[in-house]
Each structure stands twice: as C-alpha cells, then as structure tokens.
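# Next come a sequence and a model predicted from it.
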Amino acid sequence: MVQRQTPTDGKLLLNEPLARYTSWRVGGKADRLYIPAGLQDLQNFLHSLDDNEAVHFIGLGSNLLVRDGGVRGTVVLMHNVLTDLHMNGGLVYAEAGVTCAKLAKFAARQHRHGVEFMAGIPGTVGGALAMNAGCHGAETWDAVATVMTIDRQGALHQRNKAEFVTGYRHVEMAEISSEAGNKKLDEWFVAAWFTLPDGAASESEQKIKSLLAMRLATQPLNWPNAGSVFRNPPGGYAARLIEACGLKGYQIGGAQVSEKHANFIVNLGNATASDIEQLIAHMR
Ligand SMILES: Cc1cc2nc3c(=O)[nH]c(=O)nc-3n(C[C@H](O)[C@H](O)[C@H](O)COP(=O)(O)OP(=O)(O)OC[C@H]3O[C@@H](n4cnc5c(N)ncnc54)[C@H](O)[C@@H]3O)c2cc1C
C-alpha cells in the first residue's frame, strides 16, 4: 500500500481477523483494518491511500460473510466511530457509526415516529443505509431526507434521496453523467438526516418493546448469525420455502439451518465461512 503523506490519528491494524467484527464470528483476516479517530481523520486517511488500494467499509458486520481467505486491501470500521446523534432543524441527524437501536430509541424520545422497526436490527446507520434495512413493511430509506457521503479522496458530499435508486434490500447511486460518460460513484455513507412525523413517545416505545419481544420469540439470538440469509420472494417467505424442504436443523460442519427460524444460519461454535457458504448453496 502506497500512502500519501497525510497525518492520521486512527488505529491501523495489520492482518486483523475479521471474525471479531462480524456477527457470524467467521472469516479470515483483512490486510489492513482502519479505525478512524473521527470524520476529519477518516477524510485524511482516505486521502492518504493509493488510488489502487481496495477499500471496504463495515459497520457491525451483521450482514457480512467474510470468506476464510480474508479481505485484500483496507477495511474501514465505522461502528462506534462516527456517533453523533441529534435533532437538526426538525430532522433526526445520525452519523453512520450510530447503532440502529440507538437511533430508534432516540427518535422515540424526541416524539418522532417511523424508525421503531430499526430497534431490532443489530447494525449501524451506515449499514442500514447501504442495505436499505427493514422489516414489517418499513425500510430505512422511507425516512431518509438527505445523506452525507465520503469519496475515495476523502471529500464529503451532501446528497438527496433522489440521487439513489432504492428497493427491497437494495441501494445504489443513480448513474451520474461525467465528462468520462456515465459512471457509478465510489462513495460511502457518513451520516443521514431522517424526516419523521410527530408522534407520542410512549406509543413508539411500546411498539419497540413488542417488536423486540417478537424477535426474541422467533429468532435464534443465542447463536452467532447474520439474520435472514435469503431475500423473500415476491408475495412469499424464504423461511417457509426452506422449511418446506425439510431443512430445519440441516448442518454442514459447524453451520446449521436454525431450528427456530429456517431463514437463519447459525454458527454452532466452530463453523467456517466455507461451511456457511456450502450450506447456503445447498439451501438454494
Ligand atoms: C439477528 C439479526 C437480525 C436481523 N434482522 C434484520 C432485519 O429485520 N432487517 C434487515 O434488513 N436486516 C436484518 N439483519 C441484517 C443486518 O443487521 C442489516 O443488514 C444491517 O443493516 C447491517 O448493518 P451493519 O452495520 O452490520 O452492516 P455490515 O454488515 O457491517 O455491512 C453490510 C453492508 O453494508 C456496507 N456498509 C456498512 N457500512 C457502510 C457505510 N458506512 N457506507 C457504505 N456501505 C456500508 C458493507 O460494506 C456491506 O456491504 C439482521 C441481522 C441479525 C444478525
């Protein structure tokens, strides 16, 4: 990795095992893992990287299967890094490292409705924006007004919702025209402003409570997992299809189709990423 001469204050870890940073607790090492000291430091760090360096952002790693061979290039960890969360001109402003649970509870306390569903999603705001995380008919981008992104050079951009194409667990930047023709931008999320209607805090808090209780009752939260593995088909449920195939409890190595929720794969303790990948292929 060639670095330009820009001072950085974050933590750079070499050959860092990514299993520590993913909810499945599997996966090989990252060549480099960078934990920024803040937004300015993240800007400096990205600016310092060689143009050819592969860069990957992660939040809480709750939707990531890192292969056993690990990740080449630099992984930037956002969880617990950019954590500002406040009201801003009637909107909820949340930085990318804030957990979805914190955002949901904060919004409720501010008498704002609409992101209660995020309370049970064990990810960061950055990951939720990247995945358009959602459940019970609600999705992250329903509530987004504007986002702030950072590019490869470390420059920040404020972008409107209209600059993104979003769908079911799908987000991409709309193609932009440039002198070089149409191209996709290489940017990551650093913050978002959420526009949420007024509502009673007690109502939101009650909704959060019952959503969390429902998850506890239906999801295998006592084993490392990454939530639902397959997207639902239109009008149906992946879990029902998997269960109908008799796959509940099916195991490859240390990876098992959960007995409690057929669309979850749990790590029974000694799973490798390869076990999980093979199980996914088998289920498919
Ligand atoms: C028990 C459990 C329940 C779950 N329930 C749900 C659910 O109900 N609904 C749902 O949608 N998901 C669910 N998930 C999956 C997961 O929590 C979400 O997809 C979540 O949004 C991932 O956030 P993260 O911060 O962990 O992202 P990560 O897993 O770290 O990353 C996911 C993707 O987002 C990218 N990314 C992360 N941060 C950024 C950033 N700042 N800028 C750009 N890209 C970024 C990563 O590169 C990666 O491609 C569940 C997972 C678990 C373990």
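Great, that's in hand. These numbers were taken from a predicted model, which means no experiment stands behind them.
# The protein against the ligand: which residues are in contact?
23, 56-64, 78, 96, 121-124, 126-128, 130-131, 133-135, 169, 188-189, 219, 221, 225-227 (C-beta under 6 Å from any ligand atom). Placement of C-beta: from N, CA and C, glycine included.
# Now stretch 75-90: buried residues?
Across stretch 75-90, burial judged by 16 or more other C-beta atoms under 10 Å covers 75, 76, 77, 78, 79, 81, 82, 83, 85.
# for the residues you listed, which one is nearest the ligand?
For these, the residue nearest the ligand by C-beta to the nearest ligand atom is residue 78; the value is 4.8 Å.
# Among the buried residues of stretch 75-90, which are located in strands?
75, 76, 77, 85 (DSSP state E).
# Could you tell me the per-residue confidence at the third one?
I take that to be residue 77. Residue 77 carries a pLDDT value of 98.
# same question, the last one
The per-residue pLDDT reported for residue 85 equals 98.
# Could you give the bridge partners of it?
Under the criterion DSSP bridges, residue 85 forms beta bridges with residue 94.
# contacting residues around it?
92, 93, 94, 95, 98, 102, 103, 106 (C-beta atoms under 8 Å, 6 or more residues apart in numbering).
# List the beta-bridge partners for residue 149.
The partner residues for residue 149, given DSSP bridges, come to residue 157, residue 189.
# my read: it touches residue 160, true?
No - contact status for residue 149 versus residue 160: not in contact, 11.4 Å apart, counting by C-beta atoms under 8 Å.
# Looking at the two now, which is surrounded by more residues?
With neighbours defined as other C-beta atoms under 10 Å, residue 149 and residue 160 compare such that residue 149 has more, 22 against 10.
# Now for the more buried one: which residues touch it?
Listed by C-beta under 8 Å, 6+ apart, the contact set of residue 149 reads 156, 157, 159, 185, 187, 188, 189, 190.
# ok, so what distance separates the third one from the ligand?
For residue 159, the distance to the ligand equals 12 Å [C-beta to the nearest ligand atom, to the nearest Å].
# ok, the nearest residue to residue 200 once chain neighbours are set aside - how many residues close by?
In this structure, residue 200 finds its nearest non-sequential neighbour in residue 111, 6.6 Å apart by C-beta to C-beta, 6 or more residues apart in numbering. Using other C-beta under 10 Å, residue 111 has 15 neighbouring residues.
# Name all residues that make contact with residue 111.
For residue 111, the contact set (C-beta under 8 Å, 6+ apart) comprises 198, 199, 200, 201, 204.
# Quick check: the closest residue to residue 271 other than its chain neighbours vs residue 267, distance?
Nearest non-adjacent residue to residue 271, counting by C-beta to C-beta, 6+ apart: residue 254, 3.3 Å away. Distance, residue 254 to residue 267, by C-beta to C-beta, to the nearest Å: 6 Å.
# okay, these two: which has more neighbours?
Of the pair residue 254 and residue 267, residue 267 is the one with more neighbours under other C-beta under 10 Å, namely 24 against 17.
# Quick check: that one touching residue 27?
No - taking contacts as C-beta under 8 Å, residue 267 lies outside contact range of residue 27: 10.8 Å.
# hmm, back to that, what's the PyMOL line that selects buried ones from the residues of the chain next to the ligand?
Here is the PyMOL command that selects the buried residues among the residues of the chain next to the ligand (16+ other C-beta under 10 Å):
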select buried, resi 23+56+57+58+59+60+61+62+63+64+78+96+121+122+123+124+126+127+128+130+131+133+134+169+188+189+219+221+225+226+227
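# What about the residues of the chain next to the ligand, which are in helices?
Using DSSP state H to define helices, the subset of the residues of the chain next to the ligand located there is 126, 127, 128, 130, 131.
# Surely the second one and residue 63 touch.
Looking back up the chat, that one is residue 127. Yes - counting by C-beta under 8 Å, residue 63 is a contact partner of residue 127 at 6.4 Å.
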